[in-house]
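>>> Here's a sequence, model it:
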Amino acid sequence: MAPNGNTQRKTTATTSTTTQRRNNASASRSDSARIREGRTKARYGSVSYARQTAERSVDVPFGVALTVADRVTEIVEPFTARETANRELKSVRTRVERELNRFERRGASARRKARTRVRQTRNRVERELKQRRRRVETTVKQNRAKAEDGLKRAQTAVQERVTTLV
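As a prediction, the model looks like this:
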């Protein structure tokens, strides 16, 4: 952010000038100074990391405890005064009745659907059974008629032979 509070973007000329200054400064420093700087950064970085880890290990359970306390307070608060407790109880009773009515409607509709499916299946099975029975009866009648016809022909053929032989 700029000193006046406005966000300004650096131009490429400004960025390249800053980079050149850094390169010149680092070229003038000795290797031992750079090594010391690296050790210091490493030491403070690891200490900082350990400190942050320790803080988090304390902060997380503490935050959880505060959140649970807030939720318990939210749940218990309506029941602290007689009037609000009665109002909350009436609200809960109304919600429970509504849910029971909804469950009853769903159960009744499921029962009706199941009964309808059973009835449809039963009717379909009975219809198919009647069709198959008629088909079998028709086939049996046709086969019986063919067998009787073949038997009559065989009897007449035998009688003709017998008469020719006698």
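
>>> where does this protein have low pLDDT?
Residues of the chain meeting the criterion pLDDT under 70: 1-29, 39-45.

>>> can you do 80?
Residues of the chain meeting the criterion pLDDT under 80: 1-30, 32-59, 62, 76-80, 85, 166.

>>> tell me, what residue is most central in it?
Most central in the chain under CA atoms, centre = their mean is R106, positioned 21.3 Å from the mean C-alpha point.

>>> in what helix or strand does it lie?
helix 82-165 (DSSP states H and E).

>>> next one: V47
Counting by DSSP H and E, V47 is part of helix 31-76.

>>> And that helix, what does it pack against?
Contact here means 3 or more CB pairs under 8 Å, 6 or more residues apart in numbering; DSSP states H and E; on that basis helix 31-76 packs against no helix or strand. Every C-beta, even on glycine, is put in place using the N, C-alpha and C of the backbone.

>>> rewinding a little: distance between the helix holding R106 and the chain's centre?
36 Å (CA atoms, centre = their mean, to the nearest Å).

>>> Repeat that for stretch 54-69.
On CA atoms, centre = their mean, the centre of stretch 54-69 falls 31 Å from the chain's centre.

>>> what's the neighbour count on E88?
Counted with other CB atoms under 10 Å, the neighbours of E88 add up to 14.

>>> Next, the contact list for it, please.
Contacts for E88 were tallied using CB atoms under 8 Å, 6 or more residues apart in numbering; they are 78-79.

>>> ok, it to L100 distance?
Look at E88 and L100: by CB to CB, to the nearest Å, they are 19 Å apart.

>>> Brilliant, that's me finished.
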